[in-house]
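[1] Please work out how this folds:
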Amino acid sequence: MCSRFFFALVVIFLFSATLYGQQAARNPKKEQLILDKLAAVAPGAVETFQRGTEALDKGDYAQAVQLYREVTKQAPTFSPALRRLGSSLAAVGQTDDGLTLIEKAVAIERSPENLASLAQVLAYPSQGKVGTQAQREMALTLVKEASEKVQSSDDPSYSLLMAQIAWGLKNEAAFRQITDTLINK
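    Predicted structure coming up:
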């Protein structure tokens, strides 16, 4: 049991970089679905959204903020743009504005991505910062919901975020349950 626990800790720490702004490679099929939905409501915003995503993935959050703001002017209820703008704002230190936008995205669409992004910013508002106990508890609830909704079982990011939050909360029971699931996958 102890070796499984140690292995789970190693896995979480190895993958924790993805939880701090280093975007894993995007799923091209999933991304195309997002672009198609945007094209249906604001065709002129698609190219700007793509450039915003490139900036976000490179860690150029200031540029991402600028580009996603342009997109949300054309598509004010398009939840992926609101989510990505909110995450980018949080990354540049505008946490409250970022949270407001991600919460709006969740209110529009309780997708796994929106829920996990809200959980991420609540638990870890920016590099080196940790949310309050209450924010992290809410984040754990949100990421659990996101994990239950996710269609693809080959994406460990939801479970890793859940485990990291549980570990930070010293919630050993939740942490062990999540790490057992990760190990079994």
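
[2] By mean pLDDT, flag the weakest helix or strand of this protein.
    Ranked by mean pLDDT, DSSP states H and E, the helix or strand of the chain with the weakest confidence is helix 2-15, at a mean of 51.

[3] quick one: the very next helix or strand once past that helix to chain centroid distance?
    As assigned by DSSP states H and E, the chain's next helix or strand after helix 2-15 is helix 28-41. Distance of helix 28-41 from the chain centroid (C-alpha atoms, centre = their mean, to the nearest Å) equals 18 Å.

[4] buried stuff in helix 28-41?
    Buried positions in helix 28-41, judged by neighbour count with 16 or more other C-beta atoms under 10 Å: 34-35, 38. C-beta coordinates here come from the backbone N, C-alpha and C atoms, glycine included.

[5] okay if I get those residues as TSV plus pLDDT and distance to Leu142?
    Converted to TSV, those look like this (pLDDT from 0 to 100; distance: C-beta to C-beta, whole Å):
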residue	pLDDT	distance to Leu142
Ile34	97	20
Leu35	97	26
Leu38	98	24
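
[6] helix or strand for the closest residue to Leu115 other than its chain neighbours, which one?
    Nearest non-adjacent residue to Leu115, counting by C-beta to C-beta, 6 or more residues apart in numbering: Ala146, 3.7 Å away. Using DSSP H and E, Ala146 sits in helix 133-149.

[7] Against which helices or strands is that helix packed?
    helix 112-123, helix 157-168 (3 or more C-beta pairs under 8 Å, 6 or more residues apart in numbering; DSSP states H and E).

[8] Sort out which residues of the first one are buried, please.
    Same thing as helix 112-123. Here helix 112-123 shows 112-123 as buried, counting by 16+ other C-beta under 10 Å.

[9] any idea how far Ser88 is from the most centrally placed residue in the chain?
    Taking C-alpha atoms, centre = their mean as the criterion, Ser117 is the residue nearest the geometric centre of the chain, at 3.0 Å. As defined by C-beta to C-beta, to the nearest Å, Ser117 lies at a distance of 11 Å from Ser88.
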